[in-house]
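> Here is my input; please provide its structure:
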Amino acid sequence: MFHDGFMGGGMWFGWIFWIAVIGVIIWAILRFTQKQTYLNSQKQVDKSPLDIVKERYAKGEITKSEFDSMKKDLE
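All right, here's what the predicted structure looks like:
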């Protein structure tokens, strides 16, 4: 009853539709991750050297004497 041309065309439309849906999903994921990376890099730019030293001390990366020395150098 169905013509081969009609069924084949319908199959191609289905493939094109799903490829487009997957493409939009991938685009959205990439767009979101790029935006997050940009926002994180902006946060790094906004920090002063003293803020970074304070964070390192709070994390335990440097000792109290190292902190005091770095703070003195920066002020």
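
> Which positions within stretch 64-74 qualify as buried?
67, 70 (16 or more other Cβ atoms under 10 Å). All C-beta spots, glycine's among them, are computed from the backbone N, C-alpha and C.

> so which strand or helix has the residue nearest to the spatial centre of the chain?
With distances taken as Cα atoms, centre = their mean, the residue of the chain nearest its centroid is residue 33 (2.9 Å). Under the criterion DSSP states H and E, the helix or strand holding residue 33 is helix 4-46.

> residues touching the nearest residue to residue 64 once chain neighbours are set aside, list them.
With sequence-adjacent residues excluded and distances taken as Cβ to Cβ, 6 or more residues apart in numbering, residue 64 is closest to residue 57, at 7.5 Å. By Cβ atoms under 8 Å, 6 or more residues apart in numbering, residue 57 lies in contact with 64, 66-67.

> Now flag whichever of those residues is closest to residue 50.
Of all the contacts of residue 57, residue 67 has the smallest distance to residue 50: 10.4 Å, by Cβ to Cβ.

> any idea how far the closest one is from residue 57?
In this structure, residue 67 and residue 57 are 4 Å apart, going by Cβ to Cβ, to the nearest Å.

> Same question for residue 22.
From residue 22 across to residue 57, the span is 47 Å (Cβ to Cβ).

> what comes up buried for stretch 16-35?
Residues of stretch 16-35 include none that count as buried (16+ other Cβ under 10 Å).

> Toward the C-terminus from the helix holding residue 33, list the very next helix or strand.
Per DSSP H and E, the first helix or strand lying C-terminal to helix 4-46 is helix 49-59.

> Dump the C-alpha coordinates for that next one into CSV.
Coordinates of each C-alpha in helix 49-59 appear next as CSV, following Å, rounded to 0.1, in the frame of the first residue of the first chain:
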residue,chain,number,x,y,z
PRO,A,49,47.1,39.2,45.9
LEU,A,50,46.4,39.6,49.6
ASP,A,51,43.1,37.8,49.2
ILE,A,52,44.9,34.9,47.5
VAL,A,53,47.5,34.7,50.4
LYS,A,54,44.6,34.7,52.9
GLU,A,55,42.9,31.9,51.1
ARG,A,56,46.1,29.9,51.0
TYR,A,57,46.6,30.4,54.7
ALA,A,58,43.0,29.4,55.4
LYS,A,59,43.4,26.2,53.4
